[in-house]
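here's my sequence, what's the structure:
(4 chains)
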Number of protein chains: 2
Amino acid sequence: MGRPREFDIDDALDGALDLFWRKGYEGTSLSDLTQAMGITRPSLYATFGNKEELFRKALDRYDSTCMAFTREAMKQPTARAVVSHLLYGFADAQTDPVHPSGCMGMNGALACSEEAEPIKQELVGRRVAGEAVLGRRLEEARASGDLPADCDPAELARYVMTLAHGMAVQATSGAGREALYSIVAMTLRAWPSA
Amino acid sequence: MGRPREFDIDDALDGALDLFWRKGYEGTSLSDLTQAMGITRPSLYATFGNKEELFRKALDRYDSTCMAFTREAMKQPTARAVVSHLLYGFADAQTDPVHPSGCMGMNGALACSEEAEPIKQELVGRRVAGEAVLGRRLEEARASGDLPADCDPAELARYVMTLAHGMAVQATSGAGREALYSIVAMTLRAWPSA
DNA sequence: TCCGAATCGTACCGATCGGTACAGTACCGT
DNA sequence: ACGGTACTGTACCGATCGGTACGATTCGGA
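Prediction:
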C-alpha cells in the first residue's frame, strides 16, 4: 500500500551501474547518480539505502547479467572449452558497445581512499572467489584426465585470471575487440593438452 | 635569492607518490598530501603548481626510479631476455615491500570522474607508449632472426603488456611475489623460440 | 644595514561532497 | 470518504573538497 514508486528499480540500477562502471565508485557523485537514474536523492536513499549499498546492488546486477557467461563457461566439457568460453566472454563483455569499456570489477575501485576501502575489498574478494571457482573446475579437469597430471590447476587459474584482468585494463585504455581476441587466441595456442 | 625552502623536493615528491600509488589520484586529498609530504598547502602550490601537476611530477619520478628497469630490459640481447627482464622486473616492482602494492600507472586512475580525465588519459598514453617501445624492440628481434618470421611483434608486445597489467591487478589484490613469478615462468615457458 | 625576493604559516574562499528533515502527494484497505 | 502508508520534491545539513590572500619570516646582494 501507499504511493507506488514511479520508476523501475532495475532500470535505475542499470543507470547506476553504467556510471559506476565508467567513473568508478569514488568518481561517481550522488548528483551524477540521481541524474542518470532519473530519481531524486531521497528516493535513492529510501530505495537503495546509501551510496555504498547502491554500489553493491549495482554490482550484483552486473554479476547476474554481464557476467552470466562465466557460470556458463564452467559447464563446458573440457578445460580448454572452459577457458576459451571464459576468455572470449570477457573479451566480449569488456568491449560491448552497449556498456562502458573494461570491467566493472576493476573500474569500480582499484585504488581508493580509506572510506571506500570496504568497496575495494568487496571487489578483491569477488576476484579471488572467481579465480577459486576456475581453479576448482580445472582441478576437476585434471582429475578426469583432461589436463596433464603434472600441471597446477591453481596456477593455471591464476594465469587465466591475470590475463582477463590485463585485458580489462587494455579495454579501458581503448583496445578493441579484435585486439583482445588475438590475445585470447595466443593464450589458447599455448594451452596444455592432455 | 629569497628565503630558502625548508624541505627537499624529491623527498616531498616521494611522499606524494606513495599516496597517489596507494589511493589513486582522486582518492588522495590535499590534506593527505600536505600531511604526508610534511609541507603546508601554500608551499605545495608554490612548488608544484596544483594537484594535477603534482601528480604528473610524482609520475615522472615513479617512471625514472621504479620503472628504470624497463629501459634496462630493452637493452637485453635476446627477445626472450628482454621479456624475462621486463616481466620479472614488473613482478618485483609491484610487490616491493618498500612501496605500495601494484602499479602506479593503474592505481593512479583506471576509472575516474570527468575532471580527472586528463590524468587518466596521461596514464593511458604512457601504457600505449610502453607497449609501442616493446613492440619495436621485438620487431628488431624478429629482423635479426631472434624471433620466428611468422610471428607478430605488435601482437606479442600487447600480450606481454596485458600480462603485466594483469599482474598489477593481482598485486593490488594482495598476490605475493612468488605468485607473480609463477605466472611469468608460465609465460616464458610458452615463449616462441627462433 | 637595509631592500628585494622567495618561502612560511594562518586563516579563509566558494563549490561540492554524502546524507536528511519535512511537507506534499498518490495510492490501498476499510 | 477517510485514515494509514509509502513515495516525491524542495530545501537544507555539516564536512570536506581543491585552491588562495595575506602578513610574518628568512635569506642574498648592495
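
against residue A:161, how distant is the residue most central in space within chain A?
The C-alpha lying nearest the average C-alpha coordinate of chain A belongs to residue A:105 (Cα atoms, centre = their mean; 4.6 Å). Counting by Cβ to Cβ, to the nearest Å, the separation of residue A:105 from residue A:161 is 11 Å. Bear in mind the C-beta positions are built from the backbone N, C-alpha and C, glycine included.

find residues that contact each of those two.
residue A:127 (Cβ atoms under 8 Å, 6 or more residues apart in numbering or on different chains).

what does stretch A:22-30 contact?
A:19-20, A:32, A:41, A:44, A:51, A:55, A:100, A:107-109, A:112-113, A:116, A:119, B:24, B:26-27, B:110-114, B:116.

return the residues of chain A in contact with DNA strand C.
Neighbours of DNA strand C within chain A, by Cβ under 7 Å from any atom of the strand: A:1-4, A:26, A:28-32, A:41-42, A:45, A:50-52.

filter these down to the buried ones, PyMOL style.
Selecting only the buried entries of the residues of chain A next to DNA strand C in PyMOL, with 16 or more other Cβ atoms under 10 Å in any protein chain shown as the criterion:
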select buried, chain A and resi 26+28+32+51
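
farthest pair within the residues of chain A next to DNA strand C?
A:1 and A:26 (38.2 Å; Cβ to Cβ).

residue A:71 - how many residues pack around it?
11 (other Cβ atoms under 10 Å in any protein chain shown).

and for the one 10 residues further on?
The criterion is other Cβ under 10 Å. On that basis, residue A:81 has 14 neighbouring residues.

of the residues of chain A next to DNA strand C, closest to residue B:131?
Closest approach to residue B:131 among the residues of chain A next to DNA strand C (Cβ to Cβ): residue A:26, at 27.5 Å.

and the helix or strand hosting that closest one, is it in reach of DNA strand D?
For residue A:26, the host element (DSSP states H and E) is helix A:9-27. No - for helix A:9-27, no contact with DNA strand D is found by Cβ under 7 Å from any atom of the strand; the gap never falls below 9.5 Å.

quick check: buried residues in that helix?
Here helix A:9-27 shows A:12-27 as buried, counting by 16+ other Cβ under 10 Å.

out of those residues, who's nearest DNA strand C?
The closest of those to DNA strand C turns out to be residue A:26 (Cβ to the nearest atom of the strand; 7.0 Å).

low-confidence regions, chain A specifically.
Low-confidence segments of chain A (pLDDT under 70): A:194.

give me the domain ranges for it.
A:9-55, A:66-189 (automatic domain parsing).

and the residue in chain A that chain B sits nearest to, which of the three is it?
Closest to chain B within chain A is residue A:166: 3.1 Å, counting by Cβ to the nearest Cβ. Following DSSP: H, G, I helix; E, B strand; the rest coil, we place residue A:166 in the helix state.

name all residues that make contact with the residue lying closest to it once chain neighbours are set aside.
Using Cβ to Cβ, 6 or more residues apart in numbering or on different chains and skipping residues adjacent in sequence, the residue nearest residue A:166 is residue B:166, 3.1 Å away. When contacts are counted by Cβ under 8 Å, 6+ apart, residue B:166 touches A:161-167, A:169.

touching stretch A:153-160 from outside, list them.
So stretch A:153-160 is in contact with A:83, A:86-87, A:131-132, A:134-136, A:138-139, A:141-142, A:147, A:187, A:192, B:170, B:175, B:179, B:182-183, B:186-187, going by Cβ under 8 Å, 6+ apart.

ok so, going back, tilt between the helix or strand immediately after the helix holding residue A:26 in the chain and helix A:9-27?
Once the chain leaves helix A:9-27, the next helix or strand it forms, by DSSP H and E, is helix A:30-37. Helix A:30-37 runs at 150 degrees relative to helix A:9-27, counting by axes from the mean of the first three to the mean of the last three Cα atoms, to 10 degrees.

only C-alpha atoms, please: export helix A:30-37 in PDB.
Extracted C-alpha coordinates of helix A:30-37, given in PDB (Å, rounded to 0.1, in the frame of the first residue of the first chain):
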ATOM      1  CA  LEU A  30      25.200  11.400  -5.900                       C
ATOM      2  CA  SER A  31      24.300  14.200  -8.300                       C
ATOM      3  CA  ASP A  32      25.600  12.100 -11.200                       C
ATOM      4  CA  LEU A  33      23.600   9.100  -9.900                       C
ATOM      5  CA  THR A  34      20.300  10.900  -9.400                       C
ATOM      6  CA  GLN A  35      20.500  12.500 -12.800                       C
ATOM      7  CA  ALA A  36      21.400   9.300 -14.600                       C
ATOM      8  CA  MET A  37      18.800   7.200 -12.700                       C
END
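
next SSE after that helix?
That would be, after helix A:30-37 and using DSSP H and E, helix A:41-48.

and that next one, is it in reach of DNA strand D?
Yes - against DNA strand D, helix A:41-48 shows contacts by Cβ under 7 Å from any atom of the strand at A:41-43, A:46-47.

buried residues in stretch A:140-159?
A:141-142, A:146-147, A:151-159.

oops, could you answer that again for stretch A:91-108 instead?
So for stretch A:91-108, counting by 16+ other Cβ under 10 Å, buried means A:91, A:93-95, A:99-108.

any chance of those residues in CSV, plus secondary structure?
As requested, those are exported to CSV (three-state DSSP):
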residue, secondary structure
A:91, helix
A:93, helix
A:94, helix
A:95, coil
A:99, coil
A:100, coil
A:101, coil
A:102, coil
A:103, coil
A:104, helix
A:105, helix
A:106, helix
A:107, helix
A:108, coil
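
which one of those sits closest to DNA strand C?
Using Cβ to the nearest atom of the strand, these come closest to DNA strand C at residue A:108, 13.4 Å.

contact partners for the closest one?
Listed by Cβ under 8 Å, 6+ apart, the contact partners of residue A:108 are A:20-21, A:24-25, A:55, A:59, A:119, A:123, B:111.

how many residues are close by residue A:139?
17.

what's it in contact with, if anything?
A:153-154.

again, but for the one 5 residues further on
If you count contacts by Cβ under 8 Å, 6+ apart, residue A:144 has none.
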